[in-house]
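Novice: Provided below are the primary sequence and the corresponding predicted coordinates.
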Amino acid sequence: MDSRRLNAAEPAPSGDGLRRDAQTIGLVGLVHGTSHFFHLLLPPLFPWFIREFGLNYAELGLVVSVFFVISGVGQALSGVLVDRVGARPVLFAALGCFVVASLAAASAHGYSGLLLASALAGLGNAPFHPVDFTILNRRIAPSRLGHAYSVHGLCGNLGWAVSPLVSAGLLALTGSLRATYIGIAALGLLVLAVALLCRDWLDDRASEPVGATPAKVAERGASAANGRGAGATVAAAQSLSVWALLRMPSVWLCFSFLFCSTSALSAVQSFAAPALHLLHGVDLKVAAMVVPGYMVCGALGMVAGGFLLARLDQRLEPLIAGALAGSAALLLLAASGWVSGTTALVIASLAGLGTGLAGPSRDMLIRRATPPGATGRVYGLVYSGLDLGFALASPLFGRLLDAGQPAAVFQGSALALFAAVLSAAWVGRAGAARRSAGALA
């Protein structure tokens, strides 16, 4: 069913429905931004850990890998838990893990302490995509889902952008790594308190959104075309085991798309600043601005991507391909010797626009591949590709830096984005074939 025609037939949304959706979108955005903030619990202070503990970039890359290995495995498992017990209690436990991880970092006296803090933060990060998308898909009116995905991604990028600024600011203010991480723990505790106070806005067991007719419920699950009715399809999907989902090609295609795009992001987040310093001689404090710059540009791209998704709902793959290919080209230019160091920093930051533009369309592409009633499991499995990308890319790019190959950080990121373009095309082709088969049936 054409979602644009379906949305055009909707009655004007009521004020209560709009307010309800805005509350949920805002709070989910806050907790998603918090999860991304804690992705960078340790990396912004890597130069200080090198000085304090005598570590190298490869060892610190392993610290990042521990976070994402635990997060990836936990994400696949937490999807099952979310489908069984609901998203809200899992969310509260995850935020609590971030507070404990910050306190572990505050008490770290060496490499083992950093590994423990990274593991605890990874455990906290694991449930967020199954939790967030379960809440959004069950509570938000279909006509506003594109904007909900946009705000969700925007807040995530803002979390990444703010994290190094907060870490550096607290360190400059206190002069102590221990005090810095105690302050970060207090921020995590504050978000947990807000989520608890506004817990009704996160109730994924509540009724369907205002104005959500049975036809819209079926459209949400992308299964109405086969004519069997939403209820039977939901029941069948709920009976799917994780092993059955693992045999679905669309799940693995979405997984590969996220793996490739995240490998590029991992390189930029963890090592773009030292790469600019080594490649172009940019002062390390100035080069550190490439990460918040990339994230802010990504956030702006997310906003624009939400509006583009509303207009280009049936042409997701070309939008994703153009946006990611543009970002890859900018990263290659930053790695070349054709531009100055400051220009390379600006160009690398602008590459975030393309990845941001592709974000809402990426989430919609995955939603279309998700059977109704299996949101937590599918998003858990698919988004574990994000964690695997971070886990594998960080030590690889760290070794490239240690080997004196800073240009490879940007070149490898560009190659990963081009691979993501191919994965997105395969996802779209598989989805179109499935919808055609459903229509024929």
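Specialist: Alright, I've got the coordinates. Numbering: from 1, shown residues only.

Novice: what stretches of the stretch 251-400 of the chain score poorly on pLDDT?
Specialist: Applying pLDDT under 70 to the predicted model, the residue ranges of the stretch 251-400 of the chain that meet it are 310, 312-316, 369, 371-375.

Novice: and the helices in it?
Specialist: Secondary structure of the stretch 251-400 of the chain, counting by DSSP state H, counting those that start in this stretch: helices at 284-287, 290-311, 316-335, 341-368, 375-402.

Novice: buried stuff in the second one?
Specialist: Along helix 290-311, these residues count as buried under the neighbour rule (16 or more other CB atoms under 10 Å): 290-303, 305-306, 308-310. (C-beta placed from N, C-alpha, C; glycine too.)

Novice: residue 79: which of the helices of the stretch 251-400 of the chain is closest?
Specialist: Each of those was checked against residue 79 via CB to CB, and the shortest separation belongs to helix 375-402, namely 2.1 Å.

Novice: next one: the closest one to chain centre, how far?
Specialist: 11 Å (CA atoms, centre = their mean, to the nearest Å).

Novice: show me what that helix is packed up against.
Specialist: Contact analysis of helix 375-402 by 3 or more CB pairs under 8 Å, 6 or more residues apart in numbering; DSSP states H and E lists helix 57-85, helix 128-139, helix 242-246, helix 249-280, helix 341-368, helix 407-440 as its packing neighbours.

Novice: please repeat the previous calculation with a cut-off of 7 Å.
Specialist: Using 3 or more CB pairs under 7 Å, 6 or more residues apart in numbering; DSSP states H and E as the contact criterion, the elements in contact with helix 375-402 are helix 57-85, helix 128-139, helix 242-246, helix 249-280, helix 407-440.

Novice: now these as TSV including distance to residue 109 and mean neighbour count?
Specialist: Below are these laid out as TSV (distance: least, CB to CB, whole Å; neighbours: other CB atoms under 10 Å):
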stretch	distance to residue 109	mean neighbour count
helix 57-85	15	22
helix 128-139	29	27
helix 242-246	40	14
helix 249-280	23	25
helix 407-440	30	19
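
Novice: which among the helices of the stretch 251-400 of the chain is found nearest to residue 143?
Specialist: Closest approach to residue 143 among the helices of the stretch 251-400 of the chain is made by helix 290-311 (8.8 Å; CB to CB).

Novice: contact partners of the helix or strand encompassing residue 48?
Specialist: Using DSSP states H and E, residue 48 maps to helix 46-53. The set of residues that contact helix 46-53 without belonging to it, under CB atoms under 7 Å, 6 or more residues apart in numbering, is 55, 60, 110, 111, 114, 177, 284.

Novice: run the angle between that helix and helix 249-280 for me.
Specialist: Angle, helix 46-53 to helix 249-280, by axes from the mean of the first three to the mean of the last three CA atoms, to 10 degrees: 70 degrees.

Novice: then helix 46-53 to CSV, C-alphas only?
Specialist: In CSV, the C-alpha atoms belonging to helix 46-53 read as follows (Å, rounded to 0.1, in the frame of the first residue of the first chain):
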residue,chain,number,x,y,z
PHE,A,46,42.4,9.0,24.9
PRO,A,47,45.3,11.5,24.7
TRP,A,48,45.2,11.9,28.5
PHE,A,49,45.0,8.1,29.0
ILE,A,50,48.0,7.6,26.8
ARG,A,51,49.9,10.1,29.0
GLU,A,52,48.6,8.8,32.3
PHE,A,53,48.7,5.1,31.7
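
Novice: mind listing what residue 81 touches?
Specialist: Residue 81 makes contact with residue 90, according to CB under 7 Å, 6+ apart.

Novice: so what's the residue count around residue 196?
Specialist: The number of residues packed around residue 196, counting by other CB atoms under 10 Å, is 12.

Novice: tell me the predicted confidence for it.
Specialist: Note on residue 196: pLDDT of 96.

Novice: quick one: what helix or strand has it in it?
Specialist: For residue 196, the element it lies in under DSSP H and E is helix 177-197.

Novice: what's that helix packed up against?
Specialist: Looks like helix 177-197 contacts helix 15-39, helix 87-106, helix 145-174 (3+ CB pairs under 7 Å, 6+ apart).

Novice: make a markdown table from the ones you listed and add mean neighbour count to it.
Specialist: Written out in a markdown table, the entries for the helices and strands packed on helix 177-197 read as follows (neighbours: other CB atoms under 10 Å):
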| stretch | mean neighbour count |
| --- | --- |
| helix 15-39 | 20 |
| helix 87-106 | 21 |
| helix 145-174 | 21 |
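
Novice: now render the ones you listed as a markdown table, adding mean pLDDT and distance to residue 415.
Specialist: Formatted as a markdown table, the helices and strands packed on helix 177-197 follow (pLDDT from 0 to 100; distance: least, CB to CB, whole Å):
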| stretch | mean pLDDT | distance to residue 415 |
| --- | --- | --- |
| helix 15-39 | 90 | 22 |
| helix 87-106 | 96 | 32 |
| helix 145-174 | 86 | 22 |
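
Novice: export these as a markdown table, with columns for distance to residue 407.
Specialist: Rendered in a markdown table, the data for the helices and strands packed on helix 177-197 read as follows (distance: least, CB to CB, whole Å):
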| stretch | distance to residue 407 |
| --- | --- |
| helix 15-39 | 25 |
| helix 87-106 | 32 |
| helix 145-174 | 23 |
